[in-house]
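>>> Sequence plus predicted model, see below.
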Amino acid sequence: MLFINNNLSALGAQNNLNATDAALQNVVSQLSSGLQIQTAADNPAGYAISQSLQSEINGYGAAVSNAQTATSVLQTAQGAMNQQEAILQQANTIATQAANTTTAANPAAANADNNQFQALINELDQIAQSTTFAGVTLLNGSNAVLTFQVGPQDVSSNQVAVSLTTTSASALSLQTLSLTSVTSAQAAMSAVQSAIVALASAAAAIGSSQNQIQALSANVTVAQQNLTAANANLVDVNVASATSQFTSLQILEQSGVTVLSQAQSIPQLALKLI
């Protein structure tokens, strides 16, 4: 039927054109942002899941960073302990040399050995007091246990506690030694050799903790990659599909504009009947 006051054909064409335009704007937004879920309105359930996944991804990212920091901290401690081991080995050599009657009988030689020995013990102490990482002292006993968060959750399996041995001269029972006699030199030998064993054991424990942290870091990295892929599948736009839809909607919009233009001229046909 033909109407002059109400053009139902034009209204229908306009509604369809508006729907096409809204769909086209949505596809353009997806292609320009790269996301098919940009707000909760796009997909409420998907948005909630994505936010949860993103929280875990961020947590894993921070955990990886923490693990890298932990590795650097332990490497710093181990490097200092390696230096101390070298000092103790040298001190042991000097003490062994001094624990000899011919050396002890020569005051100049005994005094030289003792001075060198004391200098090495002082150097050992200096390393223990000065070894720090980001303001945290590692080997003087100020921080006996370091805790590293190497996972995204507040559970024990996501945390590693590393015990640090105090490596000062007093802690290793080396502060009162001297090489002024054969007897004292022999006592120094025994004390230094015990310190070498204790320091090596402490370094080995740190090495084990470092291996544990590196293994956890590798697992965390894989988990982060998997979650990132899952989140991408959920929120990222399928470019091929969206591009195809964009082309179809463009054609449909052009067609809608043409049809609307023709529908708006229909009332003029009714005038020919008058």
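The structure has been received and is ready for your questions.
>>> burial measure for residue 54, as a count.
A count of nearby residues for residue 54, using other Cβ atoms under 10 Å, gives 14. No exception for glycine: its C-beta is placed from N, CA and C like everyone else's.
>>> Can you verify it is assigned to a helix?
Yes. Under DSSP: H, G, I helix; E, B strand; the rest coil, residue 54 falls within a helix.
>>> Tell me, what's the model's pLDDT at the closest residue to it other than its chain neighbours?
Leaving aside its sequence neighbours, residue 54 sits nearest to residue 231 (Cβ to Cβ, 6 or more residues apart in numbering; 6.2 Å). If you check residue 231, the pLDDT there is 82.
>>> Could you do residue 208 as well?
On the pLDDT scale, residue 208 is placed at 93.
>>> burial of it, as a residue count?
11.
>>> check which helix or strand covers it.
Per DSSP states H and E, residue 208 falls inside helix 182-235.
>>> repeat for residue 160
Applying DSSP H and E, one finds residue 160 within strand 159-163.
>>> Paired strands for that strand, with orientation please.
Here strand 159-163 is paired, per DSSP bridges, with strand 145-149 (antiparallel).
>>> So what touches the strand it pairs with?
Residues outside strand 145-149 that contact it (Cβ atoms under 8 Å, 6 or more residues apart in numbering) are 62-63, 66-67, 69-70, 73, 136, 158-164, 213.
>>> quick one: which of the residues you listed is nearest residue 172?
When the contacts of strand 145-149 are ranked by distance to residue 172 (Cβ to Cβ), residue 164 comes first, at 13.8 Å.
>>> Need phi/psi at the closest one.
phi -110, psi 130 (degrees, to the nearest 10).
>>> re earlier: just the buried ones from the contacts of strand 145-149?
Buried by 16 or more other Cβ atoms under 10 Å: 63, 66-67, 70, 73, 158, 160, 162, 164, 213, out of those.
>>> what about residue 132, distance to residue 42?
50 Å (Cβ to Cβ, to the nearest Å).
>>> mind listing what residue 101 touches?
Listed by Cβ under 8 Å, 6+ apart, the contact set of residue 101 reads residue 182.
>>> Show me where the chain has its helices.
Ranges of helices in the chain, per DSSP state H, are 8-33, 44-98, 101-104, 107-130, 182-235, 239-263, 266-271.
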